[in-house]
Each structure stands twice: as C-alpha cells, then as structure tokens.
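Visitor: sequence plus the predicted model coming up.
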Amino acid sequence: MKSVPALRSIRLAGERPAADGMLTDVLRGLAAKPKRLPSKYLYDARGSELFERICEQPEYYLTRTELAIMRESIGGIADALGPDVRLVEYGSGSGLKTRLLLGSLTTPAAYVPVEISRVALLASVARLARAFPHIEMLPVCADFTRPFALPRVSRAPRRTVVYFPGSTLGNFEADEALRLLRQMRAEAGQHGGVLFGIDLVKDRATLEAAYNDAAGVTAGFTLNLLARLNRELGADFDLAAFRHRARWHPLAERIETDIVSARAQDVHIDGHTFHFDGGEPMRVEVSCKYTPDGFARMAARAGLRVAGAWTDPARQFSVQWLRVV
C-alpha cells in the first residue's frame, strides 16, 4: 500500500502575487470610465469560500450540470485525452471535477494546478494528494492570466492538457479570452489540447437567477471584494453604501455584474480620491455565455479545433475538448 504524501513534501512553485500589482490594477480600474475592478481579486480566502457556497445554491445550475456531464461522459472524455497526460488546471477550486477526471485518466503523469489564492491552492492539492498518492502534484501559485513557468515533471508526459472548467473563460472580455486561448494553445504544445467547461446561451430568467441567488450569497461574494481592498490596500469603502447587481445583456450574450453605489460618496485609497455618484455602477465581472458554433469560431482563431463535445439533456452547459491545430 502506497503511503500518502505529506503536504510539506509537495513542491509549491511560484509566489503569492504582489500587493503592489493589485494596487496598480485597482487604481487603474477606479480611474477608468466607467469604473471597473478585475474579477480575479474576488478570490481571496473568504471569496473562495463564498464561491463554493454559491455553487451549492439551487439557482446556480452551472456546477451541478457540469458535474453531471462529467459523471455521465467521463469514460469518453478520458479516452479522448489519452494516457500519460500532464494535466494543467487553471484555477484549482475545490477539486471536485478534477478528482473525477484524475480518477478516470490512464496513468496521468502529473497534476499542475495554477491558482492565485495560495490558501485555496494548498487546500485543494492536500485533498487531491490524499486521494491520488501515485500522481505527482506540482502546484503553482500564480496569476494564470500572466506568463508563468510550468514546473518540470518527473515522468515525461505523452501530452499536456490544459483544463479550464466552470465556464471561467466567460469571465474574460472577447479579446482577453482569445489571448488566453492562445496562451493555452502554446502551453499545450503540438500534441496537446484544452478541456473546457462552457456555459451555453439560455433564457434570461434562468441566467439572472443564477447570479442573484435568493440567499444573497453571490451578493456577499461580490461585496467581499470591497472588504478585501479595505483590508489589504487600506481603502475606505463603506460596504453598506454599495449593492450587488447582475443583469443579462442579450446582445453581448453575457451576464454583467456590477457593484452599484447607493449614494454620492468619495472613496480613498493610497492617497487617491475617487468619487461615486448615486446609482453609479462599477463593473466587477462579466460571465459570457456561448453557442457551440460561436465557441468553435473563437477557438479556431486561437489555433484550436473542437474534437469532442458533451452536454446535458437540456443543453444548458457543455464540456468541450479542443485539439491544437
């Protein structure tokens, strides 16, 4: 019986993203017209915890639907990816879908999660290391939207597969999503590919309910970003003077999530003053939805082709396997 590796024996590559980088991003976003904040900063330790709770809300169909697809089709997905895979996951999350995938792959060479939150990364890898002691775990603490180095694998993989579940690609504007696809293509290499979870276009009521749950967990998740800026950057946002708003934009085919100022007010950060009018929105996240044809066209522009697709009976969500062209 193989022994379970201690967490301290797992090599952690990369460093916690610098606070000055966050400050630069935040000051630039607050000075923009309209104001905006990068969605990646939603995921501190508290934000990651709240997101896990969002995934459990009855209105939030995305996680349970993607999991159902994976459970139903995991044999075909694993066959498509093939044996001896180095699995590189952008964002480690709770590892639920990853656990299912790793458990179905044939002799995976290594698992390389890339996650901006050190706490979330270590917690996820600790759980997976206990479940899969025979798989080399090579976590990387980094912002996957910026260049980072992949750690060396002890056993040479047959191919590299980048895994990006949860429709997280939808959180990027079109030009950013295309750049990220091209980055993934480069990391996957000539014989590799990318496994995506993508949310599909559907009716407004279902979409808006998913991002405005009745329990208010998503609102708490969004406003936690302001609490983080107060704590880490010395800002003075009054959380009671802002509210969460998520609305479907049919022409852009996306949910747009804003933090809206409830009154006219000034916010101070690092010696700078930013004025908010009453009712002024500040964009914190977009959640793009796709049609299968639209996603295939975008992937083709990045040098990727759809080689496999799995969906649920109601066609709410899809898992897509893309090969490098």
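Guide: Perfect, thanks for sending it.

Visitor: from memory residue 223 sits against residue 239, does it?
Guide: Yes. With contact defined as C-beta atoms under 8 Å, residue 223 and residue 239 form a contacting pair (5.5 Å). From N, CA and C alone the C-beta is placed, and that goes for glycine too.

Visitor: what's the burial count for the spatially closest residue to residue 45 that is not a sequence neighbour?
Guide: Using C-beta to C-beta, 6 or more residues apart in numbering and skipping residues adjacent in sequence, the residue nearest residue 45 is residue 119, 4.4 Å away. Residue 119 has 16 neighbours, counted by other C-beta atoms under 10 Å.

Visitor: next, residue 119: secondary structure please.
Guide: At residue 119 the chain is in helix, as set by DSSP: H, G, I helix; E, B strand; the rest coil.

Visitor: surely it is in contact with residue 48?
Guide: Yes. Between residue 119 and residue 48 there is a contact under C-beta under 8 Å: 7.2 Å.

Visitor: pLDDT below threshold where in the stretch 51-200 of the chain?
Guide: 93-94 (pLDDT under 70).

Visitor: all helices of it, in order?
Guide: 61-81, 96-104, 118-131, 174-188 (DSSP state H, counting those that start in this stretch).

Visitor: helices and strands around the shortest one, which ones?
Guide: In terms of contacts (3 or more C-beta pairs under 8 Å, 6 or more residues apart in numbering; DSSP states H and E), helix 96-104 is packed against helix 61-81, strand 85-90, strand 110-115, helix 118-131.

Visitor: mind listing what the second one pairs with, with the direction of each?
Guide: Yep, that's strand 85-90 we're talking about. strand 110-115 (parallel), strand 159-164 (parallel) (DSSP bridges).

Visitor: redo those strands as TSV? Include distance to residue 72 and mean neighbour count.
Guide: What follows is the strands paired with strand 85-90, written out as TSV (distance: least, C-beta to C-beta, whole Å; neighbours: other C-beta atoms under 10 Å):
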stretch	distance to residue 72	mean neighbour count
strand 110-115	23	24
strand 159-164	18	23
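
Visitor: JSON lines for the ones you listed, including distance to residue 54?
Guide: Listed next are the strands paired with strand 85-90 as JSON lines, based on distance: least, C-beta to C-beta, whole Å:
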{"stretch": "strand 110-115", "distance to residue 54": "17"}
{"stretch": "strand 159-164", "distance to residue 54": "18"}
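
Visitor: out of the ones you listed, flag the one nearest residue 281.
Guide: Of all the strands paired with strand 85-90, strand 159-164 sits nearest to residue 281, with 27.9 Å by C-beta to C-beta.
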